[in-house]
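In: Pasted the sequence and its predicted model underneath.
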Amino acid sequence: MSEEKIRKAYENGEFDNLPGYGKPLKLDDLSSVPEELRMAYRLLKNAGYSPEENQLKQEMMTIEDLMKSCDDLVEKERLQKKLNEKILRFNSLMSKRRVKTNSSVFKNYGSKINSKFS
């Protein structure tokens, strides 16, 4: 039934004016992603998550861990500045995707996830 509708639409030329018609598909190079993770990677990418975003989250968590174990006040200040820079960059990425990161819900969710991994 649906195949028949698609065939009729094709015969009527309803697909002729689609963007990219007649051009080769741009396929992602997923050769560096393990085969069993490719579907998840593609879903995250299509949802707007980026490797840079993930990297920033990991760096922020690492800096926070270093700050917890640091006794040197000068070093702690340096780490705090570095963390602030990462947070600003992360918030910038999120604002481009129109995701609000300042809400208490986001912070609460983030702290719950961090505690699960700690």
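Out: Okay, I see it. All values derive from a computational prediction rather than experimental measurement.
In: Where does the prediction get shaky in the chain?
Out: For the chain, the stretches with pLDDT under 70 are 98-118.
In: mind listing the strands for it?
Out: Assigned by DSSP state E, the strands in the chain number zero.
In: any idea how far the residue positioned nearest the centre of it is from Asn17?
Out: With the centre of the chain defined as its mean C-alpha position, the nearest residue by CA atoms, centre = their mean is Tyr49, 1.8 Å away. Noted for Tyr49: a distance of 32 Å to Asn17, by CB to CB, to the nearest Å. In short, each C-beta sits where N, CA and C put it, glycine included.
In: go on, Asp65?
Out: If you measure Asp65 against Asn17 using CB to CB, the figure is 54 Å.
In: Please identify which of those two sits among more neighbours.
Out: In this view Asp65 and Asn17 are compared by other CB atoms under 10 Å, and Asp65 has more residues nearby, 13 against 7.
In: just the helices in this structure please.
Out: 2-11, 38-46, 51-69, 73-96, 104-117 (DSSP state H).
In: how about CSV for the ones you listed, with distance to Leu30 added?
Out: Formatted as CSV, the entries for the helices of the chain read as follows, by distance: least, CB to CB, whole Å:
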stretch, distance to Leu30
helix 2-11, 28
helix 38-46, 5
helix 51-69, 12
helix 73-96, 22
helix 104-117, 26
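In: Which one, of those, ends up nearest to Ser31?
Out: Nearest of the helices of the chain to Ser31, taken as CB to CB: helix 38-46 at 9.7 Å.
In: And the closest one, how far out from the chain middle?
Out: Relative to the chain's own centre, helix 38-46 is displaced by 10 Å; criterion: CA atoms, centre = their mean, to the nearest Å.
In: What residues sit buried inside it?
Out: Residues of helix 38-46 classed as buried under the neighbour-count rule (16 or more other CB atoms under 10 Å) are Tyr41.
In: which residues are in contact with it?
Out: For helix 38-46, the external contacting residues (CB atoms under 8 Å, 6 or more residues apart in numbering) are Asp28, Leu30, Val33.
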